[in-house]
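**Student:** Pasting a predicted model and its sequence here:
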Amino acid sequence: MPDTAPTPAFDDVNVAAAFGNYPRPSHDKLLQLRRLIFDTAAETAGVGHLEETLKWGQPSYLTPQTRSGSTIRIDAIKDDPQRFAIYFHCQTDLVATFRRLYPNSFAFEGNRAMHFCASDALPEDELKHCIALALTYHSRKKA
């Protein structure tokens, strides 16, 4: 996927530190996932400014300006440096929607996450669609 814009610098030193502590090889994939989240936010109408912060010690992405979306979190899997995940609010229907749309593209964890292996390529097109759905979750529910 071609770069659409430079990945934003870390505004929060605590978020930067969290990324600095991730084990290889999931570290690079988490940075790729971060970039995908920012790119998707910039390309998705109605999302507005994306805030990056820590929630539960995990890099988290919120839409405070528009309140259009549900929080997205990413993190390495603690007991396996080869694995990482993207998390969604478990009381939404987001993961159920992703499971219905892309049953063979992701490894799902209940109603809250998709897991990845660092040695595998990210399914970027499908993942961007899922991220866009999360970043517009509240605005779509109001419509």
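**Tutor:** Thanks, I have it.
**Student:** Could you use CA atoms for every contact and neighbour count after this?
**Tutor:** OK.
**Student:** Now tell me what touches the helix or strand containing residue 42 from outside.
**Tutor:** Per DSSP states H and E, residue 42 falls inside helix 26-43. Applying Cα atoms under 8 Å, 6 or more residues apart in numbering, the contact partners of helix 26-43 are 4-5, 7-8, 19-20, 47-50, 74-76, 81-84, 117-118, 124, 128, 131-132, 135.
**Student:** mind listing what's buried in it?
**Tutor:** Neighbour counts over helix 26-43 (16 or more other Cα atoms under 10 Å) mark 26-27, 29-30, 33-42 as buried.
**Student:** Out of these, which two sit at the greatest distance?
**Tutor:** In the buried residues of helix 26-43, two members sit farther apart than any others by Cα to Cα. They are 26 and 42, at 24.3 Å.
**Student:** Inside helices: which ones of the contacts of helix 26-43?
**Tutor:** Among these, the members falling in helices are 19, 20, 124, 128, 131, 132, 135 (criterion: DSSP state H).
**Student:** Could you pull up the residues touching residue 75?
**Tutor:** 30, 58, 59, 84, 85, 86.
**Student:** brain fart, residue 85
**Tutor:** Residue 85 neighbours (Cα under 8 Å, 6+ apart): 74, 75, 76, 77, 113, 114, 115, 116.
**Student:** ok, now how distant is the last one from residue 130?
**Tutor:** This points to residue 116. Separation of residue 116 from residue 130 (Cα to Cα, to the nearest Å): 14 Å.
**Student:** So between these two, which is more surrounded?
**Tutor:** residue 116 (23 against 18; other Cα atoms under 10 Å).
**Student:** which residues does the more buried one form a beta bridge with?
**Tutor:** Residue 116 has these beta-bridge partners by DSSP bridges: residue 84.
**Student:** who touches residue 126 in this structure?
**Tutor:** Taking Cα under 8 Å, 6+ apart, one finds 102, 105 in contact with residue 126.
**Student:** so it, which of the three states?
**Tutor:** Look at residue 126: counting by DSSP: H, G, I helix; E, B strand; the rest coil, its state is helix.
**Student:** Pop out the phi and psi values for residue 55.
**Tutor:** phi -130, psi 130 (degrees, to the nearest 10).
**Student:** Residue 72 now?
**Tutor:** According to degrees, to the nearest 10, residue 72 has phi -110, psi 130.
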